[in-house]
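Chemist: Below are the sequence and a predicted model for it; my questions follow.
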Amino acid sequence: DAGVTQSPTHLIKTRGQQVTLRCSPISGHKSVSWYQQVLGQGPQFIFQYYEKEERGRGNFPDRFSARQFPNYSSELNVNALLLGDSALYLCASSRWTSGGLGTQYFGPGTRLLVL
Amino acid sequence: DAKTTQPNSMESNEEEPVHLPCNHSTISGTDYIHWYRQLPSQGPEYVIHGLTSNVNNRMASLAIAEDRKSSTLILHRATLRDAAVYYCILRDLYNQGGKLIFGQGTELSVKP
């Protein structure tokens, strides 16, 4: 089975622009989570979606938004980009088990550079 | 959120065992201990997880202290491909919606 896929792999934007990142989960996984990883730090949780509903939100401004589609793929949108938004954006998918949300499997990420 | 403490970096020689420690003194009864690793230029990769008992899989072993305030990830024979940042994460499936809270992790370098 294919792993989590993300597009694009790299992206360059200028301050004030908007960006949309895409994620396709592993087949059968209904939960998608988004993380931001700034250089030299561990990933920071942004959003979690399960069955197309937001189930968790991290400490990020309202410029960050996301949604999940009926096929369980997801988009992360960031408006009014700032230099500090330059980071690796990671998507992870998981399935729901009887013990709760299962292991998260990460994609390779989208590297965003804001100039 | 319960926190974990890991050394910033460790070194190992190829084909020798590696013991990566993690302290989590404020762990709660429903926190699972998860380990992920991140190879250069890749997303994090699940390694292993456990609750109370020691766990083994094809990648590694997880030794959990009896009081659960610390744990150790054991790589039995380090290879050059094991060079990565290793994250020890506490995860409460029921109260946190399953989100992962990453710390700084331990950067493991493996010398040939």
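Modeler: Yep, it's here. Numbers count the residues shown, from 1 in each chain, chains lettered A, B, ... in the order given.
Chemist: as a whole number, average confidence for stretch B:92-101?
Modeler: In this model, stretch B:92-101 has an average pLDDT of 69.
Chemist: Okay, now it: how far is its last residue from its first?
Modeler: Terminal residues of stretch B:92-101 are spaced 10 Å apart (Cα to Cα, to the nearest Å).
Chemist: Stretch B:38-52 too?
Modeler: 25 Å.
Chemist: and that stretch, is it in reach of chain A?
Modeler: Yes - residues of stretch B:38-52 are located near chain A by Cβ under 8 Å from any Cβ of the partner chain, namely B:42-46, B:49. In this view, the C-beta of every residue, glycine as well, is placed from N, C-alpha and C.
Chemist: Emit the ChimeraX select command for whichever of the residues you listed are buried.
Modeler: Buried residues among the residues of stretch B:38-52 next to chain A (16 or more other Cβ atoms under 10 Å in any protein chain shown), as a ChimeraX selection:
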select /B:43,44,46,49
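Chemist: can I get the residues of stretch B:38-52 next to chain A in JSON lines with pLDDT and secondary structure?
Modeler: Converted to JSON lines, these look like this (pLDDT from 0 to 100; DSSP: H, G, I helix; E, B strand; the rest coil):
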{"residue": "B:Gln42", "pLDDT": "92", "secondary structure": "coil"}
{"residue": "B:Gly43", "pLDDT": "95", "secondary structure": "coil"}
{"residue": "B:Pro44", "pLDDT": "96", "secondary structure": "coil"}
{"residue": "B:Glu45", "pLDDT": "95", "secondary structure": "strand"}
{"residue": "B:Tyr46", "pLDDT": "93", "secondary structure": "strand"}
{"residue": "B:His49", "pLDDT": "92", "secondary structure": "strand"}
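Chemist: quick one: which of the residues of stretch B:38-52 next to chain A is nearest to A:Leu81?
Modeler: B:Gly43 (22.0 Å; Cβ to Cβ).
Chemist: bridging residues for the closest residue to that closest one other than its chain neighbours?
Modeler: Of all residues not flanking B:Gly43 in the chain, A:Phe106 sits nearest, at 3.3 Å (Cβ to Cβ, 6 or more residues apart in numbering or on different chains). Taking DSSP bridges as the rule, A:Phe106 bridges to A:Ala92.
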